[in-house]
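Peer 1: sequence first, then the predicted structure:
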Amino acid sequence: MVSLPEKQILTTTVGSYPLPAWLLGSPSEEAVVDATRVVFDTQRQAGIDLPTDGELYRFDPGHPDTNGMIEYFVGSMAGTRTEFGRSEIEEFAKRQSMGFRIKPAAVVDGELGEGSLDLLGDCARAAAVSGGPFKFTVTSPYMLARTLLDCHYGDFEGLLMALGEVLSRQVAGLSCSCLQIDEANIPGNPDDGPLAARAINRVLEGVDEGVEKAVHFCFGNYGGQVIQAGTWSSLVGFLNDLQADHLVLELAHRPDDDLAALREIDPRLNIGIGVIDIKVNQVETAEEVAARIEKAAGVLGGDRIRFVHPDCGFWMLKRSVSDRKIAALAKGRDLFLGI
């Protein structure tokens, strides 16, 4: 594990990165390793202090239109199956309120276990080519639970906490500098905040001492569309219940009122602010990024901002756009700090 750089404000990415065309054309373990090295190097050369592996290992050539954020995790676990028919699809539709998903990611018909999920190996693959400190990402148990058809536990809390237990064991011993949990569903379901916080904290309890613990929240992104309604003001209590070191928050594509609400976040939690909009192709200038940081510092106080980053992952954007956006992120941070 490599320590984080000593800077007042660090640049980081959130998770996914566009797949290189040659990985799409000829997927293999060797190609995944090579592509991961390229993604790391691209970010470091652009000035990103804490890059991610791009989540390329989750890529499924049979489903190139998804980034594996859900299926990679639940499809590998014991107690699930990913083959189901009409009756189970209809039952999922009755139980769920996820308008963007008409089929479950998996059916749970037994006790959940790790199955073939091996995040230790996935993280080790990234560490071997990372070239320095890096962030490793895991999907939140709450977000996973919302995509499943439960035919075993009989209640949502039981399913949710079982997922939390599996993931808590999986994140132990990871060779990363920062472990980030990704949650894009709770912003639209704030009433579930206390339950979701319990499950997320259970995962965070499994993280080794000395590893930075982060939780990322956004309002969803499917083809540039916001998926979840809601505001940060309705989530402050939930955010303050998290046993994390810092939060990674969507802000570039949010209204001004959301920024003001973040003043109520517990001072023990460092804040990461989204200053790059991943829902548009327009590439920000360094001056625009610096202005967004300055605006947030004016509202929150400069000492509250630990990270600047994109709102979410880049997998839906073209690689050429993403490359220029992260370069603008680093240059804008430097402009704000005067370095």
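Peer 2: Thanks, I have the structure now.
Peer 1: now do the helices in the protein.
Peer 2: Using DSSP state H, the helices of the chain run over 21-25, 29-46, 71-74, 86-95, 119-127, 141-145, 156-170, 193-205, 236-240, 256-261, 286-300, 319-337.
Peer 1: pLDDT averaged over the second one, what's the number?
Peer 2: For helix 29-46, mean pLDDT is 96.
Peer 1: how about low-confidence regions in this structure?
Peer 2: 1-6, 61-67, 96-100, 220-230, 253 (pLDDT under 70).
Peer 1: most distant residue from the middle of it?
Peer 2: residue 87 (32.0 Å; Cα atoms, centre = their mean).
Peer 1: and the gap between that one and residue 141?
Peer 2: Using Cβ to Cβ, to the nearest Å, we find residue 87 at a distance of 26 Å from residue 141. (Each C-beta comes from the backbone N, C-alpha and C, glycine too.)
Peer 1: and the helices of the chain: which comes nearest residue 105?
Peer 2: Among the helices of the chain, the nearest to residue 105 by Cβ to Cβ is helix 71-74 (5.1 Å).
Peer 1: kindly export the closest one (C-alpha atoms) in PDB.
Peer 2: Output in PDB follows, covering the C-alpha atoms of helix 71-74 (Å, rounded to 0.1, in the frame of the first residue of the first chain):
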ATOM      1  CA  GLU A  71     -23.600  -7.900 -12.600                       C
ATOM      2  CA  TYR A  72     -19.900  -8.500 -11.900                       C
ATOM      3  CA  PHE A  73     -20.600  -8.600  -8.100                       C
ATOM      4  CA  VAL A  74     -23.900 -10.400  -7.800                       C
END
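Peer 1: run the chain-centre distance for it.
Peer 2: How far helix 71-74 lies from its chain's middle: 14 Å, per Cα atoms, centre = their mean, to the nearest Å.
Peer 1: what's the answer for stretch 300-317, then?
Peer 2: 12 Å.
Peer 1: buried residues, that stretch. List them.
Peer 2: 300, 304-317 (16 or more other Cβ atoms under 10 Å).
Peer 1: those in strands, which ones?
Peer 2: 305, 306, 307, 308, 309, 310 (DSSP state E).
Peer 1: need those in TSV (columns: distance to residue 231).
Peer 2: Output for those, formatted as TSV (distance: Cβ to Cβ, whole Å):
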residue	distance to residue 231
305	20
306	22
307	21
308	21
309	20
310	20
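Peer 1: what is the nearest of these to residue 28?
Peer 2: The closest of these, once distances to residue 28 are taken by Cβ to Cβ, is residue 310, at 28.6 Å.
Peer 1: ok, the closest one - contacts?
Peer 2: 13, 14, 252, 274, 275, 276, 277, 278, 325, 326, 329 (Cβ atoms under 8 Å, 6 or more residues apart in numbering).
Peer 1: quick check: beta-bridge partners of it?
Peer 2: Counting by DSSP bridges, residue 310 is bridged to residue 276.
Peer 1: any idea how far it lies from residue 325?
Peer 2: Taken as Cβ to Cβ, the span from residue 310 to residue 325 is 7 Å.
Peer 1: repeat that for residue 151.
Peer 2: 42 Å.
Peer 1: among the two, which residue is more densely surrounded?
Peer 2: residue 325 (23 against 14; other Cβ atoms under 10 Å).
Peer 1: what number of residues lie near the residue lying closest to the more buried one once chain neighbours are set aside?
Peer 2: Leaving aside its chain neighbours, residue 325 sits nearest to residue 276 (5.2 Å; criterion: Cβ to Cβ, 6 or more residues apart in numbering). Residue 276: 28 surrounding residues under other Cβ under 10 Å.
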